[in-house]
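Trainee: attaching a predicted model along with its sequence, questions to come.
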Amino acid sequence: MLVSDDEFPVGGLVVHSGLSSGLRVLNNKLKSTPFYDIFPNVDRIKNVTCPVFIMHGLEDEIIDYTQAKLLANNCQRLFEYWEVENIGHSGIDTNADHRKNYFYKLRDFIKLIKQENQTIKELKQRNTASPKNTKSYNHYYDNKLRDFHLNCKKIEDSDSLKKQL
C-alpha cells in the first residue's frame with residue numbers, strides 16, 4: 001500500500017474510493033483478513049504513521065463505502081474520513097456540488113503535511129536528502145500547493161460570477 005524511506009519520506013496518504021481488502025469487496029461480512037487476500041489494506045493501514053485522508057462516495061456501486069469506513073477505523077493518524085453524498089465510485093472532484101469542498105479539504109490536508117513533516121533544511125542537515133533530491137522536494141511541494149491554490153481560486157471566482165448573474 002505505501003512505501004517510504006528516510007530519503008523520500010511519505011508526508012501523507014489520500015485514499016479515494018479505497019478498498020479495505022480484495023476479498024471484502026466480494027464478501028463484506030469477513031471478520032478477519034484471510035492469508036490469501038492479495039489486497040489486505042485494512043491490515044496494512046495500521047502501520048501507516050503519516051496523516052491519512054479518506055474519502056468515499058456513498059453511492060459507490062463498485063466498492064461499498066463501508067470499505068473506506070473500515071480503513072478509517074484502523075488508521076493511526078486519520079486526518080479526516082469524508083463520506084460524500086450522491087457520488088459513486090468517482091466524481092468527487094468533478095461534481096459541481098462537491099468540487100469546491102474537495103479542493104479545500106485537499107488544500108488543508110497538504111498544509112497539515114507541510115507543517116508536520118520535516119522541512120527540507122532539516123533533511124539536508126541529517127544528510128538524508130542530496131542537493132538533487134532537495135530540489136525535487138521543493139519543486140514538488142511548491143507546485144502541488146500552487147495548483148491547489150489556483151483551483152480553489154478558480155472555484156471562488158466561478159462562485160462569485162454566478163452570484164453576480
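Mentor: Yep, it's here. What you see is a predicted model; the values in this text were computed from it and never measured.
Trainee: just the helices from this protein, written as ranges.
Mentor: Counting by DSSP state H, residue ranges of the helices within the chain are 22-26, 41-44, 65-73, 99-116, 120-125, 131-164.
Trainee: need the pLDDT of the nearest residue to I155 once chain neighbours are set aside.
Mentor: With Cβ to Cβ, 6 or more residues apart in numbering as the measure, K100 is the residue that lies nearest to I155, at 4.4 Å, once sequence neighbours are left out. For every residue, glycine as well, the C-beta is placed using N, CA and C. Model confidence at K100, expressed as pLDDT, equals 90.
Trainee: and for T128?
Mentor: The predicted local confidence for T128 comes out at a pLDDT of 53.
Trainee: got it, and D93?
Mentor: Taken from the predicted model, the pLDDT recorded for D93 is 86.
Trainee: please apply the same query to L30.
Mentor: Residue-level confidence at L30 comes out at 66, pLDDT.
Trainee: the bottom helix or strand of the protein by mean pLDDT?
Mentor: Counting by mean pLDDT, DSSP states H and E, the chain has its least confident helix or strand at helix 120-125, which shows a mean of 55.
Trainee: how close does N101 sit to D43?
Mentor: For N101, the distance to D43 under the criterion Cβ to Cβ, to the nearest Å works out to 31 Å.
Trainee: can you tell me which of the helices of the chain the model trusts least?
Mentor: When these are ranked by mean pLDDT, helix 120-125 comes last with a mean of 55.
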